[in-house]
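>>> need a 3D model of the sequence below.
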Amino acid sequence: MERIKIFLTFIIIFLPMFSCQTIKNTKNGEINSYLGYEIGNWKGKLNDNTSIKLSLYKNGNALLYKNNKLLDPFENKKGIVYYVNYNSNPIELAVVFMKNEGTSEMILLYIEFLSKELLRVFTNFDQNQISDIKDVKNIFLLRRY
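Sure thing, here's the model as predicted:
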């Protein structure tokens, strides 16, 4: 009976600690507390009133809309995926438009979590890396359920 109590105590107290995983941002050593929060529907507007909607799914698929029109150069809805690089500062989010043959296209977004419900996005809506964030469009996206 005593062994069962010790075993149950171990499971209740220590097992949750061992099962927790954290990912560190290797550039500055900070723990990334927003890991996985990019999943969902995000909406916002550019300064010129262009509406932006970004949908990111658990399976890695993505949809990106500009003025309610799907950005998809190859018209292949199932071939739009995303990748998040938490090791970059700011965080890089690449939306990749897959092509059956040849080169795929990508839109590179830099994201900053202001909260679990608010993203600040920096992008030129192209695949080029940004050398200075001040030179690009700054969009605030709110999570929409």
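>>> drop to CA atoms for contacts and neighbour counts, all remaining ones
Fine.
>>> any idea how far residue 126 is from residue 54?
Plainly put, residue 54 is 15 Å away from residue 126 if you go by CA to CA, to the nearest Å.
>>> which of these two has more neighbours?
residue 54 (22 against 14; other CA atoms under 10 Å).
>>> residue contacts, that one?
Listed by CA atoms under 8 Å, 6 or more residues apart in numbering, the contact set of residue 54 reads 41, 42, 43, 62, 63, 64, 65.
>>> now residue 58
Contact analysis of residue 58 by CA under 8 Å, 6+ apart lists residue 39.
>>> max pairwise distance over the contacts of residue 54: which two?
Spanning the widest gap among these are 43 and 62, at 13.6 Å by CA to CA.
>>> between the two, which has more neighbouring residues?
Taking other CA under 10 Å, residue 43 and residue 62 do not tie; residue 62 has more neighbours (24 against 18).
>>> list the residues that contact the more buried one.
Residue 62 sits next to 54, 55, 56, 80, 81, 82, 95 when contact means CA under 8 Å, 6+ apart.
>>> quick one: residue 51 and residue 67, what's the gap?
According to CA to CA, residue 51 and residue 67 sit 5 Å apart.
>>> where is the longest strand in the chain?
For the chain, the strand that runs over the most residues, judged by DSSP state E, is strand 105-115.
>>> list the contacts of stretch 94-112.
By CA under 8 Å, 6+ apart, stretch 94-112 touches 62, 72-74, 76, 79-84, 90-93, 119-129.
>>> need the buried ones from these selected in ChimeraX.
Remark: buried members of the contacts of stretch 94-112, expressed as a ChimeraX selection using 16 or more other CA atoms under 10 Å:
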select :62,72,79,80,81,82,84,90,91,92,93,119,120,121,122,123,124
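>>> and for the nearest residue in space to residue 51 that is not next to it in sequence, the neighbour number?
For residue 51, ignoring the flanking residues on the chain, the nearest one in space by CA to CA, 6 or more residues apart in numbering is residue 45 at 4.4 Å. Around residue 45 there are 17 other residues, counting by other CA under 10 Å.
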